[in-house]
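Trainee: Sequence and predicted structure below; questions after.
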Amino acid sequence: MPPTAPNPLKSRTLADYPHKSTHSTRWSDNDQYGHLNNSVYAFLIDSAVNSYLISHCGLVPTPTPTPSPSSAPSSTPTTQQQPQPQQQIGLVISSHCTYFLSLSFPEAVELGLCVRRLGTSSVQYEVGFFRVGGGDKVCAVGGFTHVFVDARSRRPVKALEAKMRCGLERILVGEGGARL
């Protein structure tokens, strides 16, 4: 059997990611083997992407009604003025994660985020996991693909909203790692 080529994801460094955020692990994140459960990686990937979309791309999470103050109790809550819901929403169509080194509680994790592909209605995100204070050794690389659809019809959009595209272009990195 011929030798397999080294995994290019294993050579990722924090410098490969234009956006970074730090997250603290929790006791409940560890599994019975003493390392972060694989589902925690998925939660952190989702948090890294959505935090960026909210902060830099104009994503407004679906508002939940909040009761407005009133002197008389009412059986039907009224809502205060809230942001309008998104016209376009991103649906995850695929996800992945490749693990190289274990992380565990009580470590802090540095997450690097980039966009690897940006289409007319789809976005492929990549998140690198790095131990805070642990150098540049990547512990895991994961991500997912969003297809942006019309919020009502659930059909793919013809073009991303301008603010969304602009924010995503800021962290767009090509397949070979070059900033685009």
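Mentor: Nice, I can see it.
Trainee: ok, and residue 43, which helix or strand is that part of?
Mentor: helix 38-56 (DSSP states H and E).
Trainee: Quick check: next helix or strand after that helix?
Mentor: Next helix or strand after helix 38-56 toward the C-terminus (DSSP H and E): strand 88-99.
Trainee: Can you spell out which helices and strands pack onto that next one?
Mentor: helix 38-56, strand 138-150 (3 or more C-beta pairs under 8 Å, 6 or more residues apart in numbering; DSSP states H and E). C-beta coordinates here come from the backbone N, C-alpha and C atoms, glycine included.
Trainee: mind saving the C-alpha coords of the helix or strand following it as CSV?
Mentor: Moving toward the C-terminus from strand 88-99, the next helix or strand (DSSP H and E) is strand 108-118. Output of strand 108-118 as CSV, limited to C-alpha atoms (Å, rounded to 0.1, in the frame of the first residue of the first chain):
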residue,chain,number,x,y,z
ALA,A,108,-8.8,28.1,27.1
VAL,A,109,-9.0,27.6,23.4
GLU,A,110,-8.1,30.1,20.6
LEU,A,111,-10.3,29.7,17.6
GLY,A,112,-9.2,30.9,14.2
LEU,A,113,-11.9,31.6,11.6
CYS,A,114,-11.7,32.1,7.9
VAL,A,115,-13.9,31.6,4.8
ARG,A,116,-12.4,29.1,2.4
ARG,A,117,-15.0,29.5,-0.4
LEU,A,118,-17.5,32.2,-1.0
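Trainee: Need the contact partners of strand 108-118.
Mentor: 12, 14, 16-25, 44-45, 48-49, 52, 103, 123-133, 139, 143, 165, 168-169, 171-175 (C-beta atoms under 8 Å, 6 or more residues apart in numbering).
Trainee: quick one on the thing from earlier: deepest in the core, which of the helices and strands packed on strand 88-99 is it.
Mentor: strand 138-150 (a mean of 21; mean count of other C-beta atoms under 10 Å).
Trainee: quick one: low-confidence parts of the protein?
Mentor: Residues of the chain meeting the criterion pLDDT under 70: 1-3, 62-85, 175-180.
Trainee: How about the residue most central in space within it, nearest residue that isn't a chain neighbour?
Mentor: The chain has residue 49 as the residue nearest its centroid, 2.0 Å off, counting by C-alpha atoms, centre = their mean. What sits nearest to residue 49 in space, not counting adjacent residues and going by C-beta to C-beta, 6 or more residues apart in numbering, is residue 125, at 5.1 Å.
Trainee: Can you name the residues that contact residue 120?
Mentor: Contacts for residue 120 (C-beta under 8 Å, 6+ apart) come out as 157, 158, 159, 160.
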